[in-house]
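# Here you go, sequence then predicted model.
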Amino acid sequence: MISINSLTVAYGGFTLLDDINFHISENDKIGLVGKNGAGKSTILKLICGLQTPTSGKIAMTSGTRIGYLPQIMEHHKGRSVIDEAMTAFSELFGMEDEIQKVTEELSSRDDYESAGYQDLIIRLNDLNDALAMRQAESPKVQAERTLMGLGFRYEELGRATETFSQGWNMRIELAKILLSRPDVLLLDEPTNHLDIESIEWLEAYLKDYRGSMVLISHDRKFLDNTTGRTVEIMLGHIHDYKVPYSRYMELRKERIAQQKAAYENQQRMIEKTEEFIEKFRYKPTKSNQVQSRVKALEKLERIEVDEEDRSVLSVKFPPAPRSGDVAFKATGLKVGYGDKVVFSDADIEVRRGEKVALVGRNGEGKTTLMRVIMGELEPMAGEARTGHNVNIGYYAQNQEDILDKNDTVFGTLDRIAVGDIRTKLRDILAAFLFKGEDIDKKVAVLSGGERARLAMAKLMLKPYNLLALDEPTNHMDIRSKDILKQALQAYDGTLIVVSHDRDFLDGLVDKLYEFRDGRVKEHLGGIREFLDSRRIENLNELERHIREDAVQAPEKQEKKTAAKEEYQAKKYISKEERRTRNRIAYLEKGISDIESRMKELETVLANPGEKDDIMELTRSYLECKRELDARTEEWAALVETLDE
């Protein structure tokens, strides 16, 4: 279908893509992966004809229709959401208009035996066949279903597109591409502006999509569930694996290990052969053997180990100073802008050391709550306060607006750093992959991923005990996200994170607050439990919209009512119990960590070295002891409530 042949892209003395070749076949579902800046988006632009290669070519089957979703795009104004989505059917409507014209012309002619009349008949049949294949159901029904799957409410479909944010307009463009049913889908980070439920809908859609697809995404779970082939770009070259992303990672490790083993074996063989040649070079009796081995070495195909890009983030958050038991608490919170209420009657409590996710549709109030936590927005009603000695490190979603574009990378940190940390700024920047001349770059020329890393580096300048992170992984590649996730798992402070990345949240958070329809609902447990419960709620909601039979047996209705009441009672009990069990599990992990730390301190105190500060070690030990006693006391009280 599409063939990429000996493709090279170079800028000045830098080669981005070096003589790459691969083929996109019919129904291929390809995940295009690699670090930020590796050339993934460039390949999509080359396929679309938006960019010209330095050398090589792209061959494509005639008539292939391509649907391309770039990261940044122009949005159309002046139409409603549904009308804009319906423009995807312009070809369909054009066919209907042509059918009407051909029908009118046939009815006005009487030269039934002429070639022209027969051509019109054939054209009419072709148009009707094509229309029947494309129009399985009403275009408006298709458009409504797709838009609602991507997160729009039915009542929003009549609103003008310009009244929505850039993220929501991106969803409209995505809907148009999906509705046009192209032969090849080229999607560049389609999940960046989607919430979790919309991502799951798109995932299901792409699984059933009959066509080829090339997908760029930093969402591991999304790649695994939608693609069956992985093409990796590394240092200008590609490696093609006929497997999903997670399996590709395993095979990649095996390939590199096999290459290294084969390379080392060959090097040993070469070394021994060269020793033989050197030893017997001037011995007449061995001359034939020497010449034979010299020729063998000349003909030998040397094994090379694929060069790897080993540059990854190296993140470790500073130890969190101790704060009060409650890091943030809101009671009866009502928040909005002007006359618009975003959410109300919210009760939120985040305790010290908890890792909490804020999830829900875009525009439901997640970032708004972050602004309340930071003191940037006053509530309309209710109370919101941070706990004793809470020091917040904030990562905002709109880094483009917050970072000074005229400043340099180094200057961004140097301007706010104080004390001894100023001597470590270059080390901090190096940990976030800003090395050498990179630190003198202007912020204005940085990519989205580089700006995200720079903003994250700012959080290293001070030991915060509450990290409030709003979409921290949006522009990070998969390896960088993994490193950040590990750092946050090891972080001993409190975490509040807004994210739609299921893989990132899985195993990181132990409580979620869902923002939906102007309300905030607490969910105990991780992201998997939340998604399972949401699926059940969505099914129940769907059932409520299905028309019930006109007559229903009274006893059947009574059984349903009794079962519902029993379910609600169990649900209430399990929620309270789960809250307690969740806290107990958290305390048990904390107790285990403290006990491990105390054992380490005891070992050092039993045999201190010359550089060990006995007073500081003793102080740390006593502080651990106080924390252990407090957690053990709370744990015992909670266990007792369960026993009752």
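Arrived safely. Residues are numbered from 1 along each chain as shown.
# CA atoms for contacts and neighbours, from now on please.
OK.
# for the nearest residue in space to residue 442 that is not next to it in sequence, what are its contacts?
Counting by Cα to Cα, 6 or more residues apart in numbering, residue 442 lies nearest to residue 408, which is 4.3 Å off, once chain neighbours are set aside. Neighbour list for residue 408: 439-443 [criterion: Cα atoms under 8 Å, 6 or more residues apart in numbering].
# Could you say which of those is surrounded by the most neighbours?
Neighbours here mean other Cα atoms under 10 Å. Within the contacts of residue 408, the largest count is held by residue 443, at 22 neighbours.
# Could you check the pLDDT of that one?
For residue 443, the pLDDT comes out at 85.
# Against residue 582, how distant is the closest residue to it other than its chain neighbours?
Of all residues not flanking residue 443 in the chain, residue 405 sits nearest, at 4.6 Å (Cα to Cα, 6+ apart). Relative to residue 582, residue 405 is positioned 44 Å away (Cα to Cα, to the nearest Å).
# same check, this time on residue 127
From residue 127 to residue 582 the distance is 62 Å (Cα to Cα).
# And residue 256, by the same measure?
42 Å.
# Equivalent analysis for residue 346, please.
21 Å.
# do the same with residue 489
Residue 489 is 17 Å from residue 582, by Cα to Cα.
# Kindly report the same for residue 105.
74 Å.
# who has more neighbours, the two?
residue 582 (16 against 12).
# Go ahead and confirm the more buried one touches residue 509.
No. If you go by Cα atoms under 8 Å, residue 582 and residue 509 don't touch, sitting 11.5 Å apart.
# Compute the number of surrounding residues for residue 268.
Residues near residue 268, counting by other Cα under 10 Å: 11.
# what about it, which helix or strand?
In this assignment (DSSP states H and E), residue 268 forms part of helix 245-280.
# In terms of secondary structure, what does that helix contact?
helix 220-226, strand 229-234, helix 287-299 (3 or more Cα pairs under 8 Å, 6 or more residues apart in numbering; DSSP states H and E).
# any idea of the angle the second one forms with helix 245-280?
Angle, strand 229-234 to helix 245-280, by axes from the mean of the first three to the mean of the last three Cα atoms, to 10 degrees: 50 degrees.
# What average pLDDT does the helix holding residue 268 get?
88.
# do the same with stretch 338-358
Mean pLDDT, stretch 338-358: 92.
# Restrict it to CA atoms and write it as CSV.
Taking Å, rounded to 0.1, in the frame of the first residue of the first chain, the C-alpha atoms of stretch 338-358 are listed here in CSV:
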residue,chain,number,x,y,z
GLY,A,338,-17.5,34.6,37.3
ASP,A,339,-21.0,33.2,37.2
LYS,A,340,-20.0,29.8,35.9
VAL,A,341,-19.8,27.1,38.6
VAL,A,342,-17.3,24.3,37.6
PHE,A,343,-18.1,22.0,40.6
SER,A,344,-19.7,22.3,44.0
ASP,A,345,-20.3,20.4,47.3
ALA,A,346,-16.9,18.8,47.1
ASP,A,347,-15.3,17.1,50.1
ILE,A,348,-11.7,16.2,49.5
GLU,A,349,-9.0,15.0,52.0
VAL,A,350,-5.4,14.2,51.1
ARG,A,351,-3.4,12.9,54.0
ARG,A,352,0.4,13.0,54.4
GLY,A,353,2.2,10.5,52.2
GLU,A,354,-0.9,9.7,50.0
LYS,A,355,-0.6,9.5,46.3
VAL,A,356,-3.8,10.8,44.7
ALA,A,357,-5.0,11.2,41.1
LEU,A,358,-7.6,13.6,39.8
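# from the middle of its chain, how far away would it be?
From the chain centre to the centre of stretch 338-358 is a distance of 23 Å (Cα atoms, centre = their mean, to the nearest Å).
# ok so, going back, dihedrals phi and psi, the residue nearest to residue 442?
phi -90, psi 170 (degrees, to the nearest 10).
# how near is it to residue 472?
From residue 408 to residue 472 the distance is 21 Å (Cα to Cα).
# Residue 619 too?
Relative to residue 472, and taking Cα to Cα, residue 619 is found at 35 Å.
# These two - which one has more neighbours?
Per other Cα under 10 Å, whichever of residue 619 and residue 472 has more neighbours is residue 472, with 21 against 11.
# Geometric centre of the chain: which residue is closest?
In the chain, the centroid-proximal residue (Cα atoms, centre = their mean) is residue 219; its distance is 3.7 Å.
# Is the nearest residue to residue 162 once chain neighbours are set aside in a helix, a strand, or coil?
Nearest non-adjacent residue to residue 162, counting by Cα to Cα, 6+ apart: residue 77, 5.6 Å away. Assigned state for residue 77: coil (three-state reduction, DSSP: H, G, I helix; E, B strand; the rest coil).
# please renumber so the chain begins at 30
That works, and once the first residue is 30, the last one we named lands at residue 106.
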